[in-house]
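J.: Take a look and give me a structure for this.
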Amino acid sequence: MNAFVFPGQGAQFIGMGKDLYDNHPMAKEMFETANEILGYRITDIMFSGTDEELRQTKVTQPAIFLHSVILAKCMGDKFAPEMTAGHSLGEFSALTAAGALSFEDGLKLVYQRAMAMQKACEAQPSTMAAILGLDDAKVEEVLAGINEVVVPANYNSPGQLVISGSMTGIDKACELLKEAGAKRALPLKVGGAFHSPLMEPARVELAAAIEATEIKTPMCPVYQNVNAQPNTEPDQIKENLIAQLTSPVRWTQTVQNMLKDGASTFTEVGPGNVLQGLVKKIGGSEILTAQGFVE
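T.: This is a model prediction of the structure:
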């Protein structure tokens with residue numbers, strides 16, 4: 001079975017999408033529609049801006065969404081998923097590419113999500129760290145004993161778990177996890193504690209926008225971050241999307257479930273190749289990139 005997966009924040013690079021804009025009239029039209037919806041020329045930043053400009057959450061998230069969704073569109077009938085999933089922000093790309101969200105609604109939600117997250121980050125300084133070489137259960141056990149906000153945020157692959165929380169919580173956790181045997185505990189350059197209880201103000205803000213948006217039945221099951229389970233039911237998809245901001249991204253479990261349900265080929269749709277590496281570590285064999293399917 002063909003599984004198509006969509007990356008999240010961190011996959012961006014300057015120049016992303018320019019080849020699509022230059023070579024595909026439909027892509028150019030979609031990018032220009034996005035510039036109008038957002039009220040600024042995001043394409044200028046994507047194609048020739050600075051890394052610093054592109055790294056702002058309010059720019060990064062719509063930029064990755066646009067690249068992913070427009071790339072899927074440019075694949076034409078080669079975009080034929082039998083199952084799909086997206087990592088964090090990538091879930092919105094997956095839902096849009098699979099027809100559950102319109103392009104305009106998907107972009108508006110992603111932009112609102114980015115703005116709400118940025119606001120939550122500014123209200124309370126917080127951060128994240130990558131923990132490498134330690135069993136997930138051990139990380140959970142150590143975090144449970146810390147009297148600060150610090151939680152598992154991204155189950156990326158076996159032995160790679162990102163944690164999220166307050167500045168002091170992350171400092172303390174990194175120290176204790178290294179003592180517990182982690183090979184590395186790397187603080188990440190991010191704006192805040194994504195997928196943690198500290199994102200609650202953003203979750204509340206985004207919930208209202210998601211409730212007001214029409215979600216249709218997607219063309220195939222979408223495996224959602226919150227429970228790593230396949231969903232096609234619009235109300236359930238909404239509920240899981242709302243919970244996503246304050247819940248961990250269960251990527252390891254998602255890919256394991258896709259493999260168990262018959263995924264034989266994974267195609268990454270979007271900038272970079274981060275997910276290809278993670279899928280291989282989780283046990284996927286044939287991993288392709290969507291760029292190879294576009295003329």
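J.: hey, let's count contacts and neighbours off CA atoms from now on
T.: OK.
J.: Show me the helices in the stretch 1-150 of the chain, by range?
T.: Here the stretch 1-150 of the chain has its helices, by DSSP state H, counting those that start in this stretch, at 18-23, 25-38, 42-48, 51-55, 57-74, 90-97, 103-123, 136-144.
J.: which one of the ones you listed lies closest to E239?
T.: With Cα to Cα as the criterion, E239 lies closest to helix 90-97 of the helices of the stretch 1-150 of the chain, at 13.2 Å.
J.: Restricting to C-alpha, output that closest one in PDB.
T.: Extracted C-alpha coordinates of helix 90-97, given in PDB (Å, rounded to 0.1, in the frame of the first residue of the first chain):
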ATOM      1  CA  GLY A  90       2.300  18.300   8.400                       C
ATOM      2  CA  GLU A  91      -1.000  16.900   9.500                       C
ATOM      3  CA  PHE A  92      -2.700  19.900   8.100                       C
ATOM      4  CA  SER A  93      -0.900  19.400   4.800                       C
ATOM      5  CA  ALA A  94      -1.900  15.700   4.800                       C
ATOM      6  CA  LEU A  95      -5.600  16.600   5.400                       C
ATOM      7  CA  THR A  96      -5.600  19.200   2.700                       C
ATOM      8  CA  ALA A  97      -3.800  17.000   0.100                       C
END
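J.: now what about that helix, what contacts it?
T.: Applying Cα atoms under 8 Å, 6 or more residues apart in numbering, the external contacts of helix 90-97 come out as 5-8, 65, 68-69, 72-73, 84-86, 101-103, 106, 110, 218, 222, 224-225.
J.: any idea which of the helices of the stretch 1-150 of the chain is most buried?
T.: helix 90-97 (a mean of 28; mean count of other Cα atoms under 10 Å).
J.: and the direction of that helix versus that of helix 57-74, what angle?
T.: Here helix 90-97 runs at an angle of 40 degrees relative to helix 57-74 (axes from the mean of the first three to the mean of the last three Cα atoms, to 10 degrees).
J.: Could you give the average pLDDT over helix 90-97?
T.: The average pLDDT within helix 90-97 is 98.
J.: Report the buried residues of stretch 160-170.
T.: Across stretch 160-170, burial judged by 16 or more other Cα atoms under 10 Å covers Q160, L161, V162, I163, S164, G165, S166, M167, G169, I170.
J.: what sits up against that stretch?
T.: By Cα under 8 Å, 6+ apart, the residues outside stretch 160-170 that reach it are 125-134, 136, 146-156, 192-196, 198.
J.: and that stretch, how far out from the chain's middle?
T.: 18 Å (Cα atoms, centre = their mean, to the nearest Å).
J.: Please apply the same query to stretch 245-257.
T.: Centroid displacement of stretch 245-257 relative to its chain, using Cα atoms, centre = their mean, is 10 Å.
J.: Same check on stretch 51-60?
T.: Going by Cα atoms, centre = their mean, where stretch 51-60 is centred and where its chain is centred differ by 15 Å.
J.: How much space separates the spatially most distant residue from the centre of the chain from A129?
T.: Computed with Cα atoms, centre = their mean, the residue of the chain farthest from its C-alpha average is E179, at 30.2 Å. Counting by Cα to Cα, to the nearest Å, the separation of E179 from A129 is 15 Å.
J.: So for the helix or strand bottoming out on mean pLDDT in the chain, what gets flagged as buried?
T.: Within the chain, confidence by mean pLDDT, DSSP states H and E is lowest for strand 286-289 among all helices and strands, at a mean of 77. Buried residues in strand 286-289, defined by neighbour count with 16+ other Cα under 10 Å: I287, L288, T289.
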